[in-house]
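Student: Structure, please.
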Amino acid sequence: MEHWNVLLVSHVVAALFVLVIGPAQILRRRRDRIHRTMGYLWVAAMYYVCLSSFWIVSGGHFSWLHGLSAFTLVTVTLGLVSAIRRNIPAHRGNMVGSYIGTAVAFGFAVAVPGRAIPGLLAADPGTAVFVALLVAAAVAAVYLSLFRGGINGNGRRRPFAAVDRSPASRSPASRA
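Tutor: Now for the predicted structure:
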């Protein structure tokens, strides 16, 4: 079993962050400020997961997972560039593909005996559950803070208490 160190733990936490954010980004209907902000966080976490994987090797050799990391770096970058250029079909395809690749890599990391995560699950399942819940709570807190914040007519952030959530405030006629 691999030795748990700061690099491996941060890699796992970032990968869990990516896995938790992914479905919300893919399935959410609105493509707004929240989608963009969470998307930038997702991209940053994906870059970290992929780049950190090159320092996590078994027996001094790279595996097919490192090839997947290199490919994912390319697809995430293409997806980001596509979003900036407003090529939404290309953006969607690259990001969904990147997420699926990450989910496959996670399945491999969890299911194959002899890897670090199955060893942790067998030796200390409480810690694994705690970390997973901590990551889910962190993602929920970020989403909640984005939903609670708002922007006033001058482009400045409104304090949380000043955000009007009434149905009338959402109608186009009330904004005129």
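Student: Helices of this structure, start to end?
Tutor: Counting by DSSP state H, one finds helices in the chain at the ranges 6-27, 33-53, 64-84, 88-111, 116-123, 125-148, 167-170.
Student: CSV for those helices, including mean pLDDT and mean neighbour count?
Tutor: C-beta coordinates here come from the backbone N, C-alpha and C atoms, glycine included. Formatted as CSV, those follow (pLDDT from 0 to 100; neighbours: other CB atoms under 10 Å):
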stretch, mean pLDDT, mean neighbour count
helix 6-27, 88, 17
helix 33-53, 92, 18
helix 64-84, 92, 17
helix 88-111, 91, 16
helix 116-123, 72, 15
helix 125-148, 81, 13
helix 167-170, 53, 9
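Student: From residue 136, how far off is residue 17?
Tutor: For residue 17, the distance to residue 136 equals 9 Å [CB to CB, to the nearest Å].
Student: Same check on residue 84?
Tutor: 29 Å.
Student: How about residue 85?
Tutor: On the measure of CB to CB, residue 85 and residue 136 end up 33 Å apart.
Student: And residue 16, by the same measure?
Tutor: 8 Å.
Student: Also residue 147?
Tutor: Where residue 136 is concerned, residue 147 sits at a distance of 16 Å (CB to CB).
Student: just residue 145 next, same as before
Tutor: According to CB to CB, residue 145 stands 15 Å off from residue 136.
Student: ditto for residue 35
Tutor: Distance from residue 35 to residue 136, by CB to CB: 19 Å.
Student: Please name the nearest non-neighbouring residue to the residue most central in space within the chain.
Tutor: Nearest to the geometric centre of the chain sits residue 18, at 2.6 Å (CA atoms, centre = their mean). Nearest non-adjacent residue to residue 18, counting by CB to CB, 6 or more residues apart in numbering: residue 45, 4.9 Å away.
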